[in-house]
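sharing a model prediction with you, sequence too.
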Amino acid sequence: MMNLLITGGAGFIGSNLIRHVIDKPEIAKLVNLDCLTYAGHLENLEGIHATHPRYLFEQVDLRNQNEVTRVIRQHDITHVMHLAAESHVDRSITAPGDFITTNIKGTFYLLQSCRAHWFNPASSIQDPASRFLHVSTDEVFGSLSPDAPAFTEATPCAPNSPYSASKAASDMLVRSYHHTYGLPAMITRCSNNYGPYQFPEKLIPVAIQSILARQPVPVYGDGMNVRDWLHVADHCEALWTVLTQGVPGETYNIGGCNEHANLHLVQQLCDIIDDLQPALGGNSRSLITFVPDRPGHDRRYAMDAAKLTFELGWRPAHTVETGLRETVEWYVQHQDWVKSVTASPTH
């Protein structure tokens with residue numbers, strides 16, 4: 001049985017993760033720690049928040065060390081899935097400070113709190129099964145050339161944006177706490193996620209909303225930047241697999257095995273919406289508009305998830321074709337959610 005802390009549980013991946021694991025029999029208590037920034041919304045947890053018997057919410061900023069320590073102790077946390085982070089590359093370019101303080105300092109405070117609680121002889125926790133799972137990103141590896149092999153767990157970090165640099169730094173902190181203090185920590189690095197509840201600033205929800213509104217669909221540069229697309233449900237299953245079966249001290253790559261150029265992905269979205277919403281008039285590809293590329297835009301990411309597959313048995317269940325259609329259908333049916341989260345004063 002575990003008292004599980006999920007940080008960033010009101011965000012895109014975090015809320016999907018809570019929905020994915022909340023009824024697992026291993027969980028006695030699930031605590032969602034989130035400070036509810038522009039990308040964190042309790043609307044993402046409708047049907048769970050304030051009603052599920054295992055669920056508790058703590059509105060806490062990771063940068064508040066005293067409050068982080070209180071949460072760990074008060075709820076006798078045995079397992080952590082650490083997702084809370086500033087994650088939007090464009091925002092990191094214009095305002096890098098929040099990325100440094102949240103992603104690095106916040107991770108440090110969480111590590112310190114877990115170490116103090118789990119290794120304190122007076123603590124009620126003496127369970128060797130306690131685990132700390134740090135959720136990171138493929139962006140720490142930098143950029144791949146078109147014909148280069150996919151990133152493996154042994155690929156050196158070479159971050160190219162303030163966001164990816166802050167995540168790489170937090171990864172190194174987690175690694176050091178395992179090797180120096182024996183903290184039972186693991187790291188996952190995932191490719192680009194998509195699916196329900198993704199805040200409309202990322203490529204896929206931005207494109208969907210633009211197409212539905214018959215507005216220009218912005219695509220950076222020539223649109224040939226390639227990403228490995230991972231459905232959030234597959235990511236959540238991978239995270240649970242690592243938490244429950246992974247080996248402390250290890251890092252696991254999580255990829256969707258779905259490499260697509262941004263332009264081709266947006267074209268697929270246009271075609272899906274034309275099929276699902278014929279009343280819009282069709283020819284949505286004509287809305288695609290190329291805009292100046294952003295600084296430091298990595299050309300290609302691709303993840304080799306063979307270690308996770310062969311050692312722990314995980315495989316993605318979605319192709320990008322089935323996943324995109326499901327995602328478009330969800331956004332079409334949840335326009336009230338889009339209006340609610342984008343109307344937030346912190347947006």
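Thanks, I have it.

what helices and strands are in contact with the host helix or strand of Arg19?
When elements are assigned from DSSP states H and E, Arg19 belongs to helix 12-21. Counting contacts by 3 or more C-beta pairs under 8 Å, 6 or more residues apart in numbering; DSSP states H and E, helix 12-21 packs against strand 2-7, strand 27-33, helix 232-245. To be clear about C-beta, it is placed using only N, CA and C from the backbone, and glycine gets the same treatment.

confidence-wise, which helix or strand of this structure is lowest on average?
helix 89-94 (a mean of 81; mean pLDDT, DSSP states H and E).

before we move on, the earlier item: just send the helices and strands packed on helix 12-21 back as JSON lines, with mean pLDDT and mean neighbour count too.
Below are these laid out as JSON lines (pLDDT from 0 to 100; neighbours: other C-beta atoms under 10 Å):
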{"stretch": "strand 2-7", "mean pLDDT": "97", "mean neighbour count": "25"}
{"stretch": "strand 27-33", "mean pLDDT": "98", "mean neighbour count": "21"}
{"stretch": "helix 232-245", "mean pLDDT": "98", "mean neighbour count": "21"}
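
now distance to Glu259 too, for the ones you listed, in CSV please.
Formatted as CSV, these follow (distance: least, C-beta to C-beta, whole Å):
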stretch, distance to Glu259
strand 2-7, 29
strand 27-33, 33
helix 232-245, 15
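
ok so, going back, ok now the helix holding Arg19, how far from the chain's centre?
10 Å (C-alpha atoms, centre = their mean, to the nearest Å).

ok, now stretch 144-158?
20 Å.

now what about that stretch, what contacts it?
138, 140-143, 168, 171-172, 189, 226, 228, 250-253, 255, 298-304, 306-307 (C-beta atoms under 8 Å, 6 or more residues apart in numbering).

from start to finish, how long is that stretch in a straight line?
11 Å (C-alpha to C-alpha, to the nearest Å).

same check, this time on stretch 77-84
Criterion C-alpha to C-alpha; first-to-last residue distance in stretch 77-84 is 16 Å.

let me see the mean pLDDT of it.
Averaged over stretch 77-84, pLDDT sits at 97.

can you name the next helix or strand after the top helix by length along the chain?
The longest helix of the chain (DSSP state H) is helix 162-181. Next along the chain after helix 162-181, taking DSSP H and E as the criterion, comes strand 185-190.

rewinding a little: in PyMOL, how would I select the buried members of the contacts of stretch 144-158?
In PyMOL syntax, the buried subset of the contacts of stretch 144-158 is picked out as below (16 or more other C-beta atoms under 10 Å):
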select buried, resi 138+140+141+142+143+168+171+189+226+228+250+251+252+253+255+298+300+301+302+303+304+307
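
restricted to helices, list the contacts of stretch 144-158.
Counting by DSSP H, the contacts of stretch 144-158 contribute 168, 171-172, 306-307 to helices.

show me which pair in those is furthest apart.
Met172 and Ala306 (23.6 Å; C-beta to C-beta).

ok, how many other residues are close to the residue nearest to Tyr252 when sequence neighbours are not counted?
Excluding the flanking residues, the one nearest Tyr252 by C-beta to C-beta, 6 or more residues apart in numbering is Leu308, at 4.7 Å. For Leu308, the neighbour count with other C-beta atoms under 10 Å is 24.

quick one: contacts for Leu308?
With contact taken as C-beta under 8 Å, 6+ apart, Leu308 is in contact with 238, 241-242, 252-254, 314.

most widely separated two among those residues?
Going by C-beta to C-beta, the pair spanning those furthest: Thr241 and Asn253, at 12.9 Å.
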